[in-house]
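> mind looking at a prediction? Sequence and model below.
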Amino acid sequence: MIAIAIICALASAVFLAFGAQRQGSAVSADTGGLELNSSQLVRLLRNPRWLLGLCLLGIGMALNVTALSLAPLTVVQPIGSIALVITTVVNSREQGLRMNRITVVSIVACVLGSVLFVSLAIGATRAEQEILPAQEVAIVLILAVVVVVFGTLNTLFGRRIGAIGFIIGAGVLYGFVAVLTKVITADLFNPNGRFLLNVPWYTLIGIIVAAGLGAWFVQSAYSSGPPDLVIAGLTVIDPMVGIAIGIGVLHELRPDVPAVTLVAMGVAALIAIVGVVALSRYHPDVIQRRAEERRRQKQAATKSPKDQKRNSL
């Protein structure tokens with residue numbers, strides 16, 4: 001089962017990569033690097049490129065759900081890092097960007113850190129783990145706090161959160177979506193045969209809210225940064241959150257795991273996170289956007305008072 005789950009997760013990474021690239025380029029072209037608003041989001045619903053990306057993302061998510069139903073969360077989630085490599089290659093060719101050395105090293109750090117984490121997690125997780133009702137309630141309550149925090153930040157600061165802020169928010173929220181997907185799958189396949197009746201209403205509301213707010217953060221991140229940076233954040237932050245919940249709440253780690261294995265998993269996670277942070281600062285697209293923003297600010301500062309008054313009328 002784990003082998004099939006890994007194959008599904010790898011296929012999911014491919015679809016997610018191409019879907020993210022298609023949506024990212026559509027959002028960037030529509031917003032022109034400005035803040036995404038509701039009217040632009042409605043306009044994107046008629047954009048063929050954005051819709052194609054949505055279909056590809058849907059297929060990728062379906063494959064990811066299949067993988068989550070066949071293997072522990074800690075095994076499936078980090079495999080998505082493969083999507084980063086695919087997205088980077090596709091986006092750089094389409095945009096005509098040449099990757100600098102720091103970007104390449106950052107991507108390698110993200111992928112190697114995640115792959116190392118998967119390799120260690122496969123031997124450290126339980127093959128089967130029952131999800132208790134109390135654990136399900138705990139996950140939803142933690143999610144409620146997360147939604148309030150990120151929802152408030154988005155309301156108060158908007159675009160000032162920045163690309164990395166939107167990416168962190170999306171990664172955390174989608175980490176909960178992955179966990180709740182695992183929980184709902186377990187509820188549906190409960191031997192009592194009640195199927196949907198096993199799924200609590202608060203779990204359904206939780207996954208809908210997390211997915212909706214996470215989707216808004218992803219689209220906002222597309223308008224602020226390149227799609228490969230978005231994928232880098234999601235493929236590192238998303239699984240790390242999922243794994244933290246899997247370990248802390250669902251108790252997916254075996255009790256006899258050596259301490260050195262846990263330390264190695266922590267180091268692998270740190271390497272991947274450092275890769276994301278470096279990518280958010282030194283990616284060619286990010287540097288180019290930063291330069292354009294400085295140029296716009298300089299032009300605005302050099303306008304005469306008469307021009308500023310005319311523009312305000």
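The structure has been received and is ready for your questions.
> middle-most residue in the chain, spatially?
Among the residues of the chain, the one closest to the centroid is residue 234, at 2.4 Å (CA atoms, centre = their mean).
> tell me the phi and psi of the nearest residue to residue 51 once chain neighbours are set aside?
Nearest non-adjacent residue to residue 51, counting by CB to CB, 6 or more residues apart in numbering: residue 45, 7.4 Å away. No exception for glycine: its C-beta is placed from N, CA and C like everyone else's. Backbone torsions for residue 45, taken as degrees, to the nearest 10, come to phi -70, psi -10.
> where do the helices sit along the stretch 51-200 of the chain?
Ranges of helices in the stretch 51-200 of the chain, per DSSP state H, counting those that start in this stretch, are 73-76, 82-95, 101-122, 133-157, 162-188.
> could you give the angle of the second one to helix 101-122?
Going back to what we said before, that points to helix 82-95. Between helix 82-95 and helix 101-122, the angle comes out at 160 degrees (axes from the mean of the first three to the mean of the last three CA atoms, to 10 degrees).
> by mean pLDDT, show me the worst of the helices of the stretch 51-200 of the chain.
Per-stretch mean pLDDT for these is lowest at helix 73-76 (a mean of 68).
> can you add mean neighbour count and give the helices of the stretch 51-200 of the chain back as JSON lines?
What follows is the helices of the stretch 51-200 of the chain, written out as JSON lines (neighbours: other CB atoms under 10 Å):
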{"stretch": "helix 73-76", "mean neighbour count": "26"}
{"stretch": "helix 82-95", "mean neighbour count": "20"}
{"stretch": "helix 101-122", "mean neighbour count": "20"}
{"stretch": "helix 133-157", "mean neighbour count": "15"}
{"stretch": "helix 162-188", "mean neighbour count": "23"}
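> tell me the contacts of residue 167?
Applying CB atoms under 8 Å, 6 or more residues apart in numbering, one finds that residue 167 lies in contact with 217, 221, 225, 229-230, 232-234, 237, 276, 280.
> and if you look at residue 210?
Residue 210 sits next to 143, 146-147, 173-174, 176-177, 180 when contact means CB under 8 Å, 6+ apart.
> how near is it to residue 143?
Distance from residue 210 to residue 143, counting by CB to CB, to the nearest Å: 6 Å.
> one step back: what about the residue nearest to residue 51, neighbour count?
Counted by other CB atoms under 10 Å, the residues lying close to residue 45 total 9.
> likewise for the one 10 residues further on?
Residues near residue 55, counting by other CB under 10 Å, number 12.
> same thing with the one 4 residues further on?
By the criterion of other CB under 10 Å, residue 59 has 16 neighbours.
> my read: it touches residue 15, true?
Yes. Residue 59 is within contact range of residue 15, at 4.7 Å (criterion: CB atoms under 8 Å).
> hey, what's in contact with both of those two?
Contact criterion CB under 8 Å, 6+ apart; residues shared by residue 59 and residue 15: none found.
> average pLDDT for stretch 244-255, rounded please.
Mean pLDDT, stretch 244-255: 82.
> for stretch 130-142, C-alpha coordinates in CSV please.
What follows is stretch 130-142, C-alpha atoms only, in CSV (Å, rounded to 0.1, in the frame of the first residue of the first chain):
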residue,chain,number,x,y,z
GLU,A,130,-6.7,4.7,14.6
ILE,A,131,-7.9,8.3,14.8
LEU,A,132,-9.9,8.9,18.0
PRO,A,133,-12.8,11.4,18.3
ALA,A,134,-10.9,13.4,20.9
GLN,A,135,-8.0,13.8,18.4
GLU,A,136,-10.4,15.0,15.7
VAL,A,137,-11.9,17.6,18.0
ALA,A,138,-8.4,18.8,19.0
ILE,A,139,-7.3,19.3,15.4
VAL,A,140,-10.4,21.3,14.6
LEU,A,141,-10.0,23.5,17.6
ILE,A,142,-6.3,24.2,16.8
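> how close does residue 19 sit to residue 117?
24 Å.
> just give the nearest non-adjacent residue to residue 279, would you?
Leaving aside its chain neighbours, residue 279 sits nearest to residue 106 (4.1 Å; criterion: CB to CB, 6+ apart).
> wouldn't that neighbour be in contact with residue 275 here?
Yes. Counting by CB under 8 Å, residue 106 sits close enough to residue 275 to count as a contact (4.6 Å).
> between these two, which contacts overlap?
residue 232.
> ranges for the strands of the stretch 151-300 of the chain?
For the stretch 151-300 of the chain, applying DSSP state E, counting those that start in this stretch gives no strands.
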